[in-house]
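A.B. asks: next comes the sequence, and after it the predicted model I'd like to discuss.
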Amino acid sequence: MSKVLLINGSPHVNGCTVAALEEMIKVFKEEGVDTKLVNVGNKEIRGCISCNKCRKDGKCVFEDSVNEVASEFECSDGLVVGSPVYYGSPNGNLISFLDRLFYSTSFSKHFKVGAAVVSCRRGGNTASFDVLNKYFTISSMPIASSTYWNQVHGFTAEDVKKDLEGLQTMRNLARNMSFLIKAIHDEKEKTGLPKLERGAFTSFPDGK
């Protein structure tokens, strides 16, 4: 069975962001896709210190939820990252979590399907959405889209449940993501994944 890992970057485990993610989870269940929801916004998560110990140890030097979630990410076919909007940006805890999760894990993320979801009262949504999508695009992960930007509006979870267009967007996103995951799985079985080149690293340290 296909599996999607959902990350709640809000400190509120029953807040606006979770209301959006739960709307997706209902559709994933209908589509026969297994899910796991993990809350990281209420955890103590420090940022990356660029020590590169993960290159030697195969995991982050800090033993916290990053290493705990890494194995779940590795065995998942898709990743949904949800965040509230703080000053036009995702939650700082979530950014620290994602920086370390993506950098410290050596397993391939090639063609795992990604989707970002943002929650706000009024503004800052598209800027936050853009930040989260960059984790996917740098990792060769296809991005699932919907019928509008993946966002919900509200000050409380009850407000979000009144955002009918936002909830519709979440349902369409989950259906599209389920389809992509299944299509990629079928094509992978037939012909394998596209070739992924590595090795070139442009930095111009010698000025040439």
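C.D. replies: Arrived safely.
A.B. asks: in three-state terms, how would residue 32 be classified?
C.D. replies: coil (DSSP: H, G, I helix; E, B strand; the rest coil).
A.B. asks: local confidence estimate at the closest residue to it other than its chain neighbours?
C.D. replies: Nearest-residue entry for residue 32: residue 1, 6.7 Å, with adjacent residues in sequence omitted and distances by CB to CB, 6 or more residues apart in numbering. Just so you know, the C-beta spots here come from the backbone N, C-alpha and C atoms, and that holds for glycine as well. Looking at residue 1, its pLDDT reads 87.
A.B. asks: mind listing what residue 1 touches?
C.D. replies: The contact partners of residue 1, by CB atoms under 8 Å, 6 or more residues apart in numbering, come to 32, 33, 34.
A.B. asks: run through the bridge partners of the nearest residue to residue 137 once chain neighbours are set aside.
C.D. replies: Closest residue to residue 137 in three dimensions, ignoring its sequence neighbours and counting by CB to CB, 6+ apart: residue 143, at 7.1 Å. Per DSSP bridges, the residues bridged to residue 143 are residue 114.
A.B. asks: number the chain from 3, please
C.D. replies: Taking 3 as the first residue, the last one we looked at is residue 145.
A.B. asks: distance of residue 145 relative to residue 182?
C.D. replies: As judged by CB to CB, to the nearest Å, residue 145 and residue 182 stand 9 Å apart.
A.B. asks: pLDDT weak spots in this structure?
C.D. replies: 209-210 (pLDDT under 70).
A.B. asks: let's see it at 50
C.D. replies: Of all residues in the chain, none has pLDDT under 50.
A.B. asks: where do the helices sit along it?
C.D. replies: Using DSSP state H, the helices of the chain run over 18-32, 55-59, 67-76, 94-106, 127-139, 159-162, 166-193.
A.B. asks: now the residue most central in space within the chain: closest residue in space that isn't a chain neighbour?
C.D. replies: The centroid of the chain falls nearest to residue 83 when counting by CA atoms, centre = their mean (3.0 Å). Of all residues not flanking residue 83 in the chain, residue 9 sits nearest, at 4.9 Å (CB to CB, 6+ apart).
A.B. asks: my guess is that neighbour contacts residue 80. True?
C.D. replies: No - with contact defined as CB atoms under 8 Å, residue 9 does not count as touching residue 80 (11.4 Å).
A.B. asks: more neighbours: these two, which one.
C.D. replies: A count of neighbours by other CB atoms under 10 Å puts residue 9 above the other of residue 9 and residue 80, at 28 against 25.
A.B. asks: residue contacts, that one?
C.D. replies: Neighbour list for residue 9: 40, 42, 71, 81, 82, 83, 84, 96, 99 [criterion: CB under 8 Å, 6+ apart].
A.B. asks: quick one: it and residue 52, what's the gap?
C.D. replies: Distance, residue 9 to residue 52, using CB to CB: 23 Å.
A.B. asks: no more questions from me, cheers.
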